[in-house]
Each structure stands twice: as C-alpha cells, then as structure tokens.
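# Sequence first, predicted coordinates after that:
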Amino acid sequence: MTMPSLTDFHLHKDFLLFIQWNCEVHFLIGWMYSGQVLVEPGIINRLCSRVPLLKKLATYDCINQSDQYVAMAQSNQWVSLTDLTISHLDGITPTYALLVLAETPQLRSTNLKIQIASEYYLSFTESRQVVHLAFLKKMCLSLTIRSNDHLGEYFIQNGVVQMFDTIHCPSLTSLSFSMYGFPFSEIPFTSLPLDHLETLELEAVMSSKALYHCLTLVPSLLSLQIRDIGSPHHIPVDIADHNSTPTVDESVLLALSHGGAESDGTDMPLCPKLQNFRLFPSSLQKISNYSAALTTFITSRMKTLKLCEALFPFQDSFAITNEDLGRLKAVKESGMMNLRLHYSSPPPPREDEQDLPTMGLSQHVHDTPPLMPRRQSVLSDMEGYWGTGIII
C-alpha cells in the first residue's frame, strides 16, 4: 500500500513496534539495547518507500546504529526531504550526521541530536568533505559528550568547530545550538553566515566573553534566547581554569542596551534589530549582581523590544531597588512590550520537615519529585515545576 498524498512522517519507536507487530510479523519485533526495545531498521525504509512525496521526516529513538541512518539516506528515498529530525538514542555521531546531510541537499530545516566520542574523531577529521545545503534556513543541533569518555578540551573545541566548518548553508536564518558537558571559551560556529541570522537559541556553558563575541556577529538578529545551564554535574574535561560566572553577565546586558554599548562610543547596541528576548539564568549562578543591568536593558529597549521574558531559579535571584521596580512596572503598563519576569517556586517541604509550630498547612511530599521533562522553546518554559512566582 502506497500513500501518494502523504508528505509528513513522524516515526517513534513505539509506533514502529506496533507496525511490526501488525504488518511485519516475519521480522523481529525488536531487540533490547540499554533497556530499550529497538525496531528492525528495514521497516523504516519500507515505510518511506511507500511515501513517494515525502518531504518531512522525524525519527525518535528508532534504531541504535548511526550508520543505519546513513544507509537509509543513501537509498535515495530522502533526497527530496525538506525537513529532517533525528533524535537518536544516544546521539548520531558527527561523521554520520554529515553523511546524512550530504544525501539530503533539499533540506530547509534540520534538527539533529549528535554525540561526540573519541573513537569517531580520526575518521571524522580525515574523511570530512564540505556539505552543501543551499536551501537550509533552520538548523537545530544538540550535542552531548559520551559520559564514559575522557576527552581533552582541545579535541572537543576543535572537533565541534570542524563540524560547523564542514556545513555550507548560505541561506541560514535560524540557529539553535545546545551543548552539554563542556564549557566553551569561544563559539564554535563562526563559519556560518551569522550576519543574516534572525533567530538564535543558545543552551551551552560558555564564557560571557564568548557570548559577547557571538552577539557582535549577528547584527540582523530579531529573536534571542539564552538558557544559561551553568556547570553540569559531570564534565569529562578539566574546567579548573573556567570560572563560575554566568554566561549572561552585566557586560553583555549593557552591551545590548541602548546607551550602554561599550564599543566605539556610539549609541548603537549589539543586535540593534532585536524584538524578542528570552532568558533562563542558571540555578548554579549568582545572578543578582546584574539585575540592575537587566533593568537597564529592558527600559532602554522599551520602544523596540516586543517580547521580554525571564525565568529566574529563585525569588531572590532578581534583586533591584524599588525605583527600578517602578521603572519595570511602567514598561509593562505602557503596553509597548510583553514583559514577563518570573521565578520558579520552591518545592514544598518534605514530610519529615513539616508540622512545625511555625509552619502553616502545606502539601506533603512522599516521594522524590520526577525530573522536569525537557520541552521545546515555548511559552510554557516560563513555568516552574512547583509553580511560578511573578516579579513583573
């Protein structure tokens, strides 16, 4: 059975297992890998072959070998794809990610989860060829480092830089970059056409100097989101020389403010066309020091910024004077900017800490709360797990 009119396909391992059980009974239903059931990869090829007009494909945790994605891409069934998402179990390797991209030249949007590991470095650096994506407008890359790999700082920094150097995408207007387990001293994607970039989302540990340099390269930016994730619990590199200051510090905020630019004495701030700004400060950083700078940024952008949101980890993370608080209220009441400054409410006390004479009634917590699910960058991000307090 073919599906000649179908253009979008989202494949999840649970759906594929259902298809195998009902339609492909002569194949293995799946096999176990790290506690998860995986599907027989040939079924994805057969499904794609029945969709001749396939334009958008998303796969979520379907197979466990990166080279199987390459084999599917090289079957010419993906050559007309315009949107591709691969959310691999642990992350597709950089080498195979580039091979897949080389087989999908019509892409307009791609979202890839990539894992860096030491054994892939030699093959990557020796075999890499430039990947031409002339039509690509939106790129989302989420990178991780394999937890049991002890990689050197030089290897990681240069490996990521070389990966971006390999991708030629002159039409790019939107970039989302996240990296866990490594603090960047310099941004790795300077080879991209950043001067035309309109949307930038960053979720990585980097110095404020690196962020400042990045923002000097994006004069056309309309939307900026920064999730300051701080220092991860497990970083497989030596970060003794990296301080624990936040990525978005006072110097960055003042450089983004009208009248606060430090460059050539002009009144032109970084990212002068900015219309949307979303900030997620790290819970591991002390951010009260630049609360006044954030206030300056907001008030100076009152006539040009359409949206400004920030979710602070604690109530006392944002500390300003009553005068500055009045200035922020005036901005919100003017209606010229959608201003939302919130903080995550603390969890209720555990059961053994309750019923003290000085405490009122509160919710009992019997078990360890579940981890907060990771979500895409939408308005619901501005809500804490235990509720959200409002600053402005």
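Noted; the coordinates are in hand.

# Dihedrals phi and psi, the residue nearest to Arg301 when sequence neighbours are not counted?
Ranked by Cβ to Cβ, 6 or more residues apart in numbering and with sequence neighbours excluded, the top spatial neighbour of Arg301 is His258, at 6.5 Å. Using the backbone N, CA and C atoms, a C-beta is placed for each residue, glycine as well. Listed backbone geometry of His258 is phi -70, psi 130, with angles given as degrees, to the nearest 10.

# same thing with Gln162?
The phi and psi torsions at Gln162 (degrees, to the nearest 10) take the values phi -60, psi -30.

# What about it, how many residues nearby?
The tally of other residues near Gln162 (other Cβ atoms under 10 Å) stands at 16.

# where does it land on pLDDT?
Predicted confidence (pLDDT) for Gln162: 89.

# same check, this time on the one 4 residues further on
According to the prediction, Thr166 has pLDDT 94.

# In this structure it contacts Gly159, no?
No - because the distance of 11.0 Å does not satisfy Cβ atoms under 8 Å, Thr166 is recorded as not touching Gly159.

# returning to that earlier point: ok, the residue nearest to Arg301 - how many residues close by?
The tally of other residues near His258 (other Cβ under 10 Å) stands at 17.

# What distance do you get for it to Thr304?
Using Cβ to Cβ, to the nearest Å, one gets 8 Å for the distance from His258 to Thr304.

# for Gln162, same thing?
When distances are taken as Cβ to Cβ, Gln162 and Thr304 turn out to be 37 Å apart.

# pLDDT value on the residue nearest to Arg301, please?
Among the per-residue scores, His258 holds a pLDDT of 86.

# got it, and Leu328?
Per-residue confidence for Leu328 comes out at a pLDDT of 94.

# ok, for it, nearest residue in space, not its chain neighbours?
By the measure of Cβ to Cβ, 6+ apart, the closest residue to Leu328 outside its immediate chain neighbours is Ile392, 5.1 Å from it.

# ok, now which ones touch the one you found?
Under the criterion of Cβ atoms under 8 Å, 6 or more residues apart in numbering, the contact list for Ile392 reads 325, 328-329, 332, 339-341.

# same thing but 6 Å
328, 332, 339, 341 (Cβ atoms under 6 Å, 6 or more residues apart in numbering).

# mind listing the helices in the stretch 151-300 of the chain by residue range?
Shown for the stretch 151-300 of the chain, the helices assigned by DSSP state H, counting those that start in this stretch span residues 153-166, 208-216, 250-255, 291-300.

# mean confidence score for the last one?
Averaged across helix 291-300, the pLDDT comes to 92.

# Tell me who's in contact with Asn338.
Contact partners of Asn338, counting by Cβ under 6 Å, 6+ apart, are Leu307.

# how does it look with 7 Å?
Contacts for Asn338 (Cβ atoms under 7 Å, 6 or more residues apart in numbering) come out as 306-307.

# likewise Leu328?
The contact partners of Leu328, taken as Cβ under 7 Å, 6+ apart, are 295, 298, 339, 392.

# want to throw the helices of the stretch 151-300 of the chain into JSON lines with distance to Leu136?
As requested, the helices of the stretch 151-300 of the chain are exported to JSON lines (distance: least, Cβ to Cβ, whole Å):
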{"stretch": "helix 153-166", "distance to Leu136": "13"}
{"stretch": "helix 208-216", "distance to Leu136": "20"}
{"stretch": "helix 250-255", "distance to Leu136": "28"}
{"stretch": "helix 291-300", "distance to Leu136": "31"}
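
# right, and the ones you listed - which one's nearest Pro313?
The stretch from the helices of the stretch 151-300 of the chain with the least distance to Pro313 (Cβ to Cβ) is helix 291-300; that distance is 13.2 Å.

# Can you list the low-confidence ranges for the stretch 151-300 of the chain?
Across the stretch 151-300 of the chain, the ranges flagged by pLDDT under 70 are 151-152, 154, 230-245, 260-267, 283-289.

# The nearest residue to Leu99 once chain neighbours are set aside - how many residues pack around it?
With Cβ to Cβ, 6+ apart as the measure, Val70 is the residue that lies nearest to Leu99, at 4.7 Å, once sequence neighbours are left out. Val70 sits with 20 neighbouring residues when counted by other Cβ under 10 Å.

# Tell me the spacing between Val70 and Gln106.
The value you get for Val70 to Gln106, if Cβ to Cβ is used, is 17 Å.

# circling back to that earlier point, between the contacts of Leu328, which is closest to Pro188?
Using Cβ to Cβ, Ile298 is the member of the contacts of Leu328 that sits closest to Pro188, with 29.9 Å.

# Count residues in the vicinity of the closest one, would you?
Neighbours of Ile298 using other Cβ under 10 Å come to 24.

# That one contacts Cys308, correct?
Yes - with contact defined as Cβ atoms under 7 Å, Ile298 counts as touching Cys308 (5.7 Å).

# shared neighbours of those two, anything?
The overlap between the contact sets of Ile298 and Cys308 (Cβ under 7 Å, 6+ apart) consists of Leu339.
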